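In: got a predicted structure plus its sequence, pasted below:
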Amino acid sequence: MEDLIQSILKSYEGHPVICNVDSPSHLDKELIIEILNNVRRVLFPGYFETKRVRCCAISYHVGELLEEIRFQLRGQVKNALAHERDSKYTEEENAERAAQITEKFLERLIPLREILAKDVQAAYDGDPAAYNTDEVIFSYPGVFAITVNRIAHELFVLGVPMIPRIMTEYAHNLTGIDIHPGATIGEYFFIDHGTGVVIGETTEIGNNVKIYQGVTLGALSTRGGQSLRSRKRHPTLKDNVTVYSGASILGGETVIGEGAVIGGNAFLTSSVPDHTRVSIKNPELQFRRGGNVSTQELEQESFFNRKEQD
């Protein structure tokens, strides 16, 4: 056992990139998730508590949550700031910066509630299977992923390293929806079903946009690695765009115009004009009957043609 221990310690010295021993800026992933859940409790009062919240005690309840968020977030932001690239700040300076960032984040809670209320309404209005908005808040993975992303995005904009990504990857792990905290997303955003959705860092999404499961808003290539940092690599979706399941829209210069509808499984690397419908031509279906093989082309109208007739 002693030989094994020494061999492992030698490995630590040989591969410091995956060794965080003696770090003065330890990030606590579980605590970050706890902070996230407490923020959600402030944003959606009465939904995610373990016991009923009464009006007579709501002031005390919210105050207690905010104090806990402030204290915990300051510490984690201070530690995260130590991971900045080429940081020249002292530990005391990072502590002060963390306090300022935390206060600015707390000031964003009311605007966050306003935009999340619109997201919930978009999910309810856009899904005839939704029973009511409570069901949407409690159970829709798209709403959960969007909520986490909007919280993380505020920290991302404030310049906090690592913590925003930890938050969004937590939501990714639970829902299968991968939204980078750097993505810019407008009002009334709805992800229906959601599994397999990927939205890249420099994506820009307008208002009243709806996307379905399996949609990728990605980069054309990441072979350039770190040299591509800070460049626009992901597409832009204007207002009132709908993207159906399995579609891939790639590239920083790709712009999907206002009111456009992108059909399922479409693959786009170039821009689409306003109010345009893009669809894949129906494939030929083959049927095998008995021992003989016969080919029959089904003259089915496309989804968009049926919609036009309706």
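Out: Alright, I've got the coordinates.

In: which strands and helices sit next to the helix or strand containing residue 76?
Out: Residue 76 belongs to helix 58-81 when elements are defined using DSSP states H and E. Here helix 58-81 touches helix 29-43, helix 91-107, helix 163-175, going by 3 or more Cβ pairs under 8 Å, 6 or more residues apart in numbering; DSSP states H and E. The way it works is simple: take the backbone N, C-alpha and C, and place the C-beta from them, glycine included.

In: now the shortest one: average pLDDT?
Out: For helix 163-175, the mean per-residue pLDDT is 98.

In: tell me the angle of it relative to helix 58-81?
Out: Orientation of helix 163-175 against helix 58-81 (axes from the mean of the first three to the mean of the last three Cα atoms, to 10 degrees) gives an angle of 110 degrees.

In: packing partners of the helix or strand that helix 163-175 is followed by?
Out: Where DSSP H and E defines the elements, the next helix or strand beyond helix 163-175 is strand 178-179. Applying 3+ Cβ pairs under 8 Å, 6+ apart, we find strand 178-179 packed against helix 141-157, helix 163-175, strand 198-199.

In: how far away is the most centrally placed residue in the chain from residue 216?
Out: Taking Cα atoms, centre = their mean, the centroid of the chain lies closest to residue 179, which sits 2.6 Å from it. Relative to residue 216, residue 179 is positioned 12 Å away (Cβ to Cβ, to the nearest Å).

In: for residue 117, same thing?
Out: Between residue 117 and residue 216 the computed distance is 28 Å (Cβ to Cβ).

In: looking at the helices and strands packed on strand 178-179, which is nearest to residue 289?
Out: The minimum distance between residue 289 and the helices and strands packed on strand 178-179 falls on strand 198-199, with 40.6 Å, by Cβ to Cβ.

In: direction included, what does that closest one pair against?
Out: Neighbouring strands of strand 198-199 in its sheet, by DSSP bridges, are strand 178-179 (parallel), strand 216-218 (parallel).

In: distance to residue 82 and mean pLDDT added to those strands, as TSV?
Out: Shown next, in TSV, are the strands paired with strand 198-199 (distance: least, Cβ to Cβ, whole Å; pLDDT from 0 to 100):
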stretch	distance to residue 82	mean pLDDT
strand 178-179	26	98
strand 216-218	31	97
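
In: now tabulate those strands in JSON lines and tack on distance to residue 58.
Out: Below are the strands paired with strand 198-199 laid out as JSON lines (distance: least, Cβ to Cβ, whole Å):
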{"stretch": "strand 178-179", "distance to residue 58": "31"}
{"stretch": "strand 216-218", "distance to residue 58": "39"}
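
In: all set, thanks.
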